[in-house]
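> turn this into a structure:
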Amino acid sequence: MSRVRVLVGTRKGAFVMASDGKRERWDVNGPHFAGWEIYHVKGSPADPNRHYASQCSGGFGQLIQRSNDGGKTWEAVGNKFVYEGVPGTHLWYDGTPRPWEFTRVWHLEPSLTDPDTVYAGIQDAALFRSSDGGQTWQELPGLRGHSTGASWAPGAGGLCLHTILLDPSSQERMFVAISAAGAFRTDDGGSTWKPINRGLHSQYIPDPTAEVGHCVHRIAMHPTRPGVLFMQKHWDVMRSDDAGESWREISGNLPTDFGFPVDVHAHEPETVYVVPITSDSHHFPPEEAARLPQPHRRG
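Numbering: from 1, shown residues only. The predicted model follows:
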C-alpha cells in the first residue's frame, strides 16, 4: 500500500506527516525550523523527495528552504526577490498610492514536470519563478504590469498572491489569485494576464461587479479537469466550468459561505471541501465548535 505524506506549515515551524493508505496512524516528523513562521510548504509532483518551504521572520526576513530527502533535512537557498520592470504604485487601504514592496512569500508551487522549477507568489502581489531549485528568482512582470495593476488594493492580510494553479494540460496556462485584486489567468506562460472575475459580486467595493478588486481567498482545481475551478472568496463559494471565464455561486446549504480554504477531493472531482467561518469579523466555525468538514458536492 502506498505511503501518504502531508506537509504542514505553522507559525511555529513545519511538520512532515506520513501514513499508509489507511491513514489510521501517522508518523510526525518535526518541528522543522522551530519557532519560525512557515507560510507555505509544498512537495514537487516530479520528485517525491523534493520539498520547498517559505520561512519568514520579522527579524531575519524571508528564506526559501529546500529538502532533497523528503523533509528529513533542509538547506536554505536563494532569498533574493527583486521587482522587475514595473515601477509605480498600487492603492493602499485608504485609497492613497503606495510603492510596491516585497514582504514575504505566501505560496510556493513546484512545476508538474521539473523538480528544479518552482513558482512563488509574494506580497505585494507578484509572481516569481526559479529554474535552479530555488537558488535564484526572477519576476514574471507581466502580472503586475496588467493595466489594472495600479488599482489593486490589499485585503486585511495584505496584497498577497496566495494561490498558483498550473494547468496539467497546457504548460503555458496558469491561474493565480490575489487578495484583494481577484483571479487572473495566463495562456502564454506568464507574459500576459487576463482578469477572470466575471460573475463575482462583492458588496464591499465601489463597483460590486468590477473587473478587479474582489477579495478571493483561494481557488482550486482537480488535475483531471483543469477547466473546472472552485473559489472561496470573502463571501460566496463559486464554480467556473470555463477556465474562469464566468463564475456562479454554489454556496448551497453551507452554514455560512465565508471561509478561507477550498480544495477538491483527490479522486472525486465533484467533491469540494471548504471550512465555513462564522463571518469576516469572527474567525471561528459556526456554533463555535470544531468538527470534521463534510464533503460539499455540487453539480
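> pLDDT below threshold where in the stretch 151-299 of the chain?
Residue ranges of the stretch 151-299 of the chain with pLDDT under 70: 289-299.
> G199 against D242, yeah?
No - contact status for G199 versus D242: not in contact, 10.3 Å apart, counting by CB atoms under 8 Å. Just so you know, the C-beta spots here come from the backbone N, C-alpha and C atoms, and that holds for glycine as well.
> so which residues of the stretch 151-299 of the chain form helices?
Applying DSSP state H, counting those that start in this stretch to the stretch 151-299 of the chain gives no helices.
> which residues of it fall in strands?
160-166, 174-179, 182-186, 194-195, 216-222, 225-233, 237-240, 248-249, 259-264, 271-276, 296-297 (DSSP state E, counting those that start in this stretch).
> closest one to I205 among those?
Ranking these by their distance to I205 (criterion: CB to CB) puts strand 182-186 first, at 10.2 Å.
> output the closest one as PDB, restricted to C-alpha atoms.
The C-alpha trace of strand 182-186 is given here as PDB (Å, rounded to 0.1, in the frame of the first residue of the first chain):
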ATOM      1  CA  GLY A 182      -9.100  38.800  -7.800                       C
ATOM      2  CA  ALA A 183      -8.300  35.900 -10.000                       C
ATOM      3  CA  PHE A 184      -6.100  36.000 -13.200                       C
ATOM      4  CA  ARG A 185      -5.100  33.600 -16.000                       C
ATOM      5  CA  THR A 186      -2.200  33.500 -18.400                       C
END
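> so which elements touch that strand?
Secondary-structure packing of strand 182-186 (3 or more CB pairs under 8 Å, 6 or more residues apart in numbering; DSSP states H and E): strand 174-179, strand 194-195, strand 216-222.
> quickly run through the sheet partners of the strand ranked longest in the chain, with directions.
Ranked by residue count and defined by DSSP state E, the top strand of the chain is strand 47-57. Within its sheet, strand 47-57 is paired with strand 37-44 (antiparallel), strand 61-67 (antiparallel), according to DSSP bridges.
> following element in sequence after the shortest one, please.
Per DSSP states H and E, strand 61-67 leads on to strand 75-77 as the next helix or strand towards the C-terminus.
> follow-up on the earlier one: distance to P269 added to the strands paired with strand 47-57, as JSON lines?
Formatted as JSON lines, the strands paired with strand 47-57 follow (distance: least, CB to CB, whole Å):
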{"stretch": "strand 37-44", "distance to P269": "21"}
{"stretch": "strand 61-67", "distance to P269": "30"}
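> so which of these gets nearest E172?
strand 37-44 (20.0 Å).
> show me what the closest one is in contact with.
5, 7-14, 32, 50-57, 104-111, 115, 118 (CB atoms under 8 Å, 6 or more residues apart in numbering).
> ok, and the closest non-adjacent residue to the residue nearest to the spatial centre of the chain?
The residue lying closest to the centre of the chain (CA atoms, centre = their mean) is T163, at 2.2 Å. The shortest distance from T163 to any non-neighbouring residue, by CB to CB, 6 or more residues apart in numbering, is to A177 (3.9 Å).
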